[in-house]
Structures are given as structure tokens and as C-alpha cells.
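> Following is a predicted model, sequence given first.
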Amino acid sequence: MMTTRFLQSASLSLALALATPAAADALPDLKGKSLVFAGFGGDLQKNQDLAWIQPFAAATGAKIDQTDAPDLAKIQTQQEAKNVGVDVVEIESSTVDANCGTVFQQVALDRSQLDATYDTNKCGVPVVKFSFVLAYNAKKYPTPPTSVADFFDIEKFPGTRAARSGANVGMVEAALLADGVKPSAIYPVDLDRAVKKIEAAKGSIILKDTFAPIQDGLANGEFDMALLPNGRAFNASKANPDIKAVFVGAVTLYDNLAIPTGAKNAEAAKAFLQFAATHAAQADLAKRFPYGVGTKGAAPALDGKSKGFYPDSFTDQLVVQDTKWWGSNEAAVADRLNSVFAQ
């Protein structure tokens, strides 16, 4: 478990200066209190630490411990044992939509700065909007792919392609687009149609259990193209400038910050969610790492390279995921895809 550094001896005025300005005024005094934040680790959580966790801790006096690998089943097991070990969890919004009021507690917040498109439940705060892009090696493809649907065009774009195992990893929507489904007609998903398209191409697809080896394999030439979250593609491009990303048809989803029912430090957790529900806080993260925001407001200032991997630069090209459909059907999709790739 990682422990956030913060200055207990700093004056509150200095702490407020360090905090995101728009969020600081409403922050309570939480000296002597603590919370545990569970994120997805990696560069994302490193930048969340800089943009959110350190400023919040400095401004409130709260002690924040961090862990990673949030997992619904683990939370439910802890709830059954009446020993919940995390207070704020970052997890897929479809998971919170499906479990709001049970696994995750409803929380009264000022939601005025949240974008109503992404504010789909009363338990979570929408954060970290990301797209499953088609990332590819430009040296391999002098005539570049133009849509995530090209992941399934093996004749025009031959080569080794990679995707993550699992259900909600961008493959189902890409398969439907490749089979001629219009972006506006993807949901509700025709799973039989998607599976048929995936079965036809599965011999050319290498699955990995996590995104990290896909990112590394794309950068080092092991893979010619991949379905990856745009942040992972961005990191691959930093290691290999020939890595580019296509956002046309990229299914775009977002996480929620939520408080598990039974959390030991609900007061501090609620204050943290309110902090993250401001545009200033979310834009500060986006400036550091190119994931989109779940809030309304001016676009963050990004350099040219970051803009090329930032979902909100391509809003009119994206397919916004139906999180409620996924919340109700993810287990069924997982079963079908597991069966397809086991054969």
C-alpha cells in the first residue's frame, strides 16, 4: 500500500494555495481523519496523486493511503465480512450504475459542474473519460487505418494485432462497426453478430490479460496494431514515436469515483468526491495525462502530442458507451467471448 506524502505542519492558507482553486473553498477541515483510495495504478494513479490526492490532503489535513486494482468481488467480500478496506474506489461507471444503492452508497453532492451525459447515477462522480482506440505502427502501415473497425480488416491491414481478454475492452463495438453497424445503432448490442465477426478474425488476434504487455508489445514491434485505452497508446508513443492512434468509432467510456457501502471514513470520502466533481480538479488531471473529463468547462491546455491522444479532441468521432447496457450484460458477453477464444 502506498502512503501519500502531505505536510501536516503546513498552514491552511498555504494548503489552500496548493489545492485546485475552484475546489478549495468548500473543503472541510479533516485533520486527524483519513481515507483509503483505490485506483488503477500506473501512470494514471501517479498523476491522480499529483492532481487530486496531494492537493486534497494538503488542503484538508486528511491522511490518504493508496492502493490499486479495485475489484467489485473483493469489495463485496469485505462487505459480507463487515470490514470494508477502501473508502473511495475508482471503478467502471457501468459497475456503479448496476450497483448504486447496494454495493455503493448514494451520496448527496453538488453536481452542477458535472456533464449530464456522464452523470448517470447518484453514487459516483464521473472521471477519467477514455477511448479504446486503434493504436498502430505507422511504419507498418504507410496507408494508415482510418477507423477502429480496421482492427478486423485483416486483408487490407495484415499483421499481428492484440487486445485484452475480457468483455468490456472495446472489441465488441469495433466488431459491430466492422460488420457495417452504424455508430448510432450499436446499442443494444447484437451479440450474435459481434461474435460472428470476432470468430472470423480470432486467428489473427493475440489476447493478453492486462493492457501493460499490449502497450509494451506495440512499442517494441511485437504487435502491429492493438485496441488500447488512449492513455496506454499515448505511453506507447512516448517509447516509439511511430505509434499513432485512430479515434474514429472508438468506444468511449469513463470511470466513477464511488464510496463502498460500509466504508469506514465516509465523511472524508464524500469530501474527496466533491473535490473531484469540480471542473478545475478534473482539468488539472487531464493536463497531466490525456484522459478526458466528466465535467463541463473550458478545455484544458494540452501540448500537440497530448492533443493527438486526448478523447475530447475527437468528440464527434467517438461512440459513447451505453453503460447501463454493459452493466446488465457484461457477464453474458464475458461468457461468450471466453467460449470463442477457448476454441
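Ah, there it is. Values in this document were obtained by computation on a predicted structure and should not be read as measured data.

> model confidence over stretch 118-133, on average?
When pLDDT is averaged over stretch 118-133, the result is 96.

> on contacts alone, who are the packing partners of the helix or strand residue 38 falls within?
Under the criterion DSSP states H and E, the helix or strand holding residue 38 is strand 34-39. The elements that strand 34-39 packs onto, with contact taken as 3 or more CB pairs under 8 Å, 6 or more residues apart in numbering; DSSP states H and E, are strand 63-68, strand 88-92, helix 266-276. Using the backbone N, CA and C atoms, a C-beta is placed for each residue, glycine as well.

> Out of the ones you listed, which is closest to residue 324?
Closest of the helices and strands packed on strand 34-39 to residue 324 is strand 88-92, at 12.2 Å (criterion: CB to CB).

> Alpha carbons of that closest one, as CSV, please.
Coordinates of each C-alpha in strand 88-92 appear next as CSV, following Å, rounded to 0.1, in the frame of the first residue of the first chain:
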residue,chain,number,x,y,z
VAL,A,88,-13.0,5.8,-2.4
VAL,A,89,-12.8,3.5,-5.3
GLU,A,90,-12.2,4.2,-9.0
ILE,A,91,-14.2,1.7,-11.0
GLU,A,92,-16.0,1.4,-14.3
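
> Can you give the strand pairings for that strand, parallel or anti for each?
The sheet places strand 88-92 alongside strand 34-39 (parallel), strand 243-258 (antiparallel), with pairing taken from DSSP bridges.

> Would you mind measuring from residue 232 to residue 197?
Between residue 232 and residue 197 the distance is 23 Å, computed by CB to CB, to the nearest Å.

> let me fix that: residue 221
27 Å.

> Looking at the two, which is more packed in?
Between residue 221 and residue 197, counting by other CB atoms under 10 Å, residue 197 is the more crowded of the two (21 against 13).

> all helices of the stretch 201-343 of the chain, in order?
Defined through DSSP state H, counting those that start in this stretch, the helices belonging to the stretch 201-343 of the chain, from first to last, are 212-220, 230-239, 266-276, 279-288, 304-307, 323-342.

> likewise the stretch 1-150 of the chain?
Using DSSP H, counting those that start in this stretch, the helices assigned to the stretch 1-150 of the chain run over residues 12-18, 21-24, 42-48, 54-60, 72-80, 93-99.

> just so I know, which of those helices lies nearest residue 125?
Of all the helices of the stretch 1-150 of the chain, helix 93-99 sits nearest to residue 125, with 9.5 Å by CB to CB.

> Show residues contacting the closest one.
Residues outside helix 93-99 that contact it (CB atoms under 8 Å, 6 or more residues apart in numbering): 72, 104, 118, 120-121, 123-124, 126, 168, 253-256, 258, 321, 323-324, 326-328, 330.

> re the thing from before, mean neighbour count, distance to residue 179 and mean pLDDT for the helices and strands packed on strand 34-39 - can I get that in a markdown table?
Rendered in a markdown table, the data for the helices and strands packed on strand 34-39 read as follows (neighbours: other CB atoms under 10 Å; distance: least, CB to CB, whole Å; pLDDT from 0 to 100):
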| stretch | mean neighbour count | distance to residue 179 | mean pLDDT |
| --- | --- | --- | --- |
| strand 63-68 | 19 | 36 | 96 |
| strand 88-92 | 25 | 25 | 96 |
| helix 266-276 | 23 | 38 | 97 |
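
> May I see the ones you listed organised as CSV, with distance to residue 53 added?
Listed next are these as CSV, based on distance: least, CB to CB, whole Å:
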stretch, distance to residue 53
strand 63-68, 5
strand 88-92, 10
helix 266-276, 8
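
> now for those, which one comes closest to residue 206?
Going through the helices and strands packed on strand 34-39 one by one, with CB to CB as the measure, strand 88-92 comes closest at 23.7 Å.

> which residues touch the closest one?
Applying CB under 8 Å, 6+ apart, the external contacts of strand 88-92 come out as 35-40, 70, 72, 75, 127-128, 168, 253, 255-260, 263, 269, 272-273, 323, 326.

> Domain map for the protein?
Here the domain assignment for the chain is 2-128+255-288, 130-253+304-342, based on automatic domain parsing.

> Of the helices of the stretch 201-343 of the chain, which is nearest residue 147?
Across the helices of the stretch 201-343 of the chain, residue 147 has its closest neighbour in helix 230-239 (15.0 Å, CB to CB).

> which strands and helices sit next to that closest one?
Where contact means 3+ CB pairs under 8 Å, 6+ apart, helix 230-239 is packed against helix 42-48, strand 125-137, helix 212-220, strand 243-258, helix 304-307.

> on that earlier part again, rank the domains of the chain by pLDDT, which is bottom?
Taking the mean pLDDT of the domains of the chain, domain 2-128+255-288 comes last: a mean of 87.

> follow-up on the earlier one: would you mind listing which of the contacts of helix 93-99 are buried?
Neighbour-count burial (16 or more other CB atoms under 10 Å) applied to those gives 72, 104, 118, 120-121, 123-124, 126, 168, 253-256, 258, 321, 323-324, 326-327, 330.
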